[in-house]
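> Whatever this is, show me its structure:
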Amino acid sequence: MSTEKNPNEQLADLIFQQLKAEGLVTGDGKTSFIQNLAQGKLKESGWKAALEQTIRSKLQNPPLHETSQT
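Predicted structure coming up:
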């Protein structure tokens, strides 16, 4: 049985999906992130926690770019 999301939850879910698509967050903690954002409870520390680990990981392990030599 699926419950319908209110507009705040729909927007929070859309924001989360966009952040995930850009590689700024992982799927970890998705439910709590969406609930806190939808309820206006996501503070600076919450944003930092959500984004910092992914960004730090990207800086430590940059993607490999293939270069072609012709």
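> make it CA atoms for all contacts and neighbour counts henceforth
Fine.
> Quick check, central residue of the chain?
Geometric centre of the chain, nearest residue: V25, 3.1 Å, by Cα atoms, centre = their mean.
> what residues are up against that one?
F16, L19, A50, L51, T54 (Cα atoms under 8 Å, 6 or more residues apart in numbering).
> Could you rerun that using 10 Å?
For V25, the contact set (Cα atoms under 10 Å, 6 or more residues apart in numbering) comprises F16, Q17, Q18, L19, A49, A50, L51, E52, Q53, T54, I55.
> My guess is the third one contacts L24. True?
Translated: Q18. Yes. The pair formed by Q18 and L24 meets the contact definition of Cα atoms under 10 Å, at 8.7 Å.
> Just the buried ones among the contacts of V25, please.
For the contacts of V25, a burial check counting by 16 or more other Cα atoms under 10 Å picks out F16, Q17, A50, L51.
> Phi and psi next, for the third one.
A50 adopts backbone torsions of phi -70, psi -40, taken as degrees, to the nearest 10.
> one step back: could you measure from the residue nearest to the centre of the chain over to L51?
Between V25 and L51 the computed distance is 6 Å (Cα to Cα, to the nearest Å).
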